[in-house]
Structure formats: C-alpha cells, structure tokens
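After the sequence you'll find the predicted model.
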Amino acid sequence: MYVMSPYTGSLMSDEEIMKKYNSEKRWGLAVCIDLGECDHGKISSKEHISKFAVDLANYIDMKRYGEPIVVFFGDEPKVQGFSLVQLIETSQISGHFAEDTDRAFIDVFSCKEFPPKKAAEYVQDYFGAKKMEYAVCFRDV
C-alpha cells in the first residue's frame, strides 16, 4: 500500500496520481478527507448529507448502487452525528459528521480512477469547511 499525505511529503497532482494508478495497474484508489470548521447546518442535515452522496458520485463520475444510507447515532457528544454509506459500483463513499466539533471525515474508495484533490476540494466546498486535509492511498496486493 502506497500512501501520500501532507505529512509524508508533497502530494502528486491529480493527473500524476491517475497516471501512476493506471500505469502501475493498481487495484484501487482511496482518498481520506478530514474537514474542520464545517457549516454546522450542513453537517447536521440528513437531507444535505444524502444529496451530497448523490452529487459527489456524479461529480467524480461514479455509478451509485442504491440510495445513500444516512443514520444518526452516538451516545457521547464527541462522536454524535450522522454517518453515511453510499455504495458505488466500484466500491463506496463513506463519512461521519461530528456535530459537537463541526468536523467531518469522508472516504472515497474506488477501483475506477478519479481525481482525489478535485474530490477533496469539492467535499470541502460542499460542507463549507474552513479547514481541509486529505491523504491518497493506492490499494493493491
């Protein structure tokens, strides 16, 4: 597994990532997106989160498999919020939205290429986050 994040050095561009993914015939590509200082109304709205799953899948050209699953749970304020799973034909979009701290954690995993930086920036904008970090992971065995 090959992982890139701001803590391991500079990130490749989307074009470089997709070229590496295809030329090395990797099995999967993942982006992990951490958001901070999100718009509280957006991360605490089941409707907004459900629409996000549909819109992100369309934005990165993924075919959804079924409707988004969005469930609110958590006994402790630190973890309380909505969780999301959207199956896509090439894997999944998932996320958790921490209402107490206005943070969100979104993962996109696919065996079809997609632009991770572009996806991360889209996610940041969608939830009005003032802070964003992301890491890219090439999956393979």
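Thanks, I have it. Keep in mind that what you see is a predicted model, and the values were worked out from it rather than measured.

Low-confidence regions, the chain specifically.
1, 141 (pLDDT under 70).

Strands along that one, start to end?
2-4, 28-36, 69-73, 81-88, 91-98, 103-110, 131-139 (DSSP state E).

Nearest to residue 50, out of those strands?
strand 69-73 (5.2 Å; Cβ to Cβ). Quick note: C-beta positions are derived from backbone N, CA and C, even for glycine.

Now do the closest one against strand 91-98, angle only.
Angle, strand 69-73 to strand 91-98, by axes from the mean of the first three to the mean of the last three Cα atoms, to 10 degrees: 30 degrees.

Partner strands of strand 69-73, with direction?
strand 81-88 (antiparallel) (DSSP bridges).

Could you tell me which residues within the strand it pairs with count as buried?
The neighbour-count check on strand 81-88 (16 or more other Cβ atoms under 10 Å) flags 81-84, 86-88 as buried.

got these as a markdown table, with distance to residue 109 columns?
Listed next are the buried residues of strand 81-88 as a markdown table, based on distance: Cβ to Cβ, whole Å:
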| residue | distance to residue 109 |
| --- | --- |
| 81 | 21 |
| 82 | 19 |
| 83 | 16 |
| 84 | 13 |
| 86 | 11 |
| 87 | 11 |
| 88 | 9 |
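
rewinding a little: can I get the strands of the chain in CSV with distance to residue 117?
Listed next are those as CSV, based on distance: least, Cβ to Cβ, whole Å:
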stretch, distance to residue 117
strand 2-4, 11
strand 28-36, 8
strand 69-73, 26
strand 81-88, 19
strand 91-98, 16
strand 103-110, 12
strand 131-139, 7
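
now the longest helix along the chain and strand 103-110, what's the angle there?
Secondary structure assigned by DSSP state H gives helix 46-59 as the longest helix of the chain. For helix 46-59 against strand 103-110, the angle by the same axes, to 10 degrees is 30 degrees.

For helix 46-59, which helices and strands make contact with it?
With contacts taken as 3 or more Cβ pairs under 8 Å, 6 or more residues apart in numbering; DSSP states H and E, helix 46-59 sits against helix 40-43, strand 69-73, strand 81-88, strand 91-98, helix 116-126.
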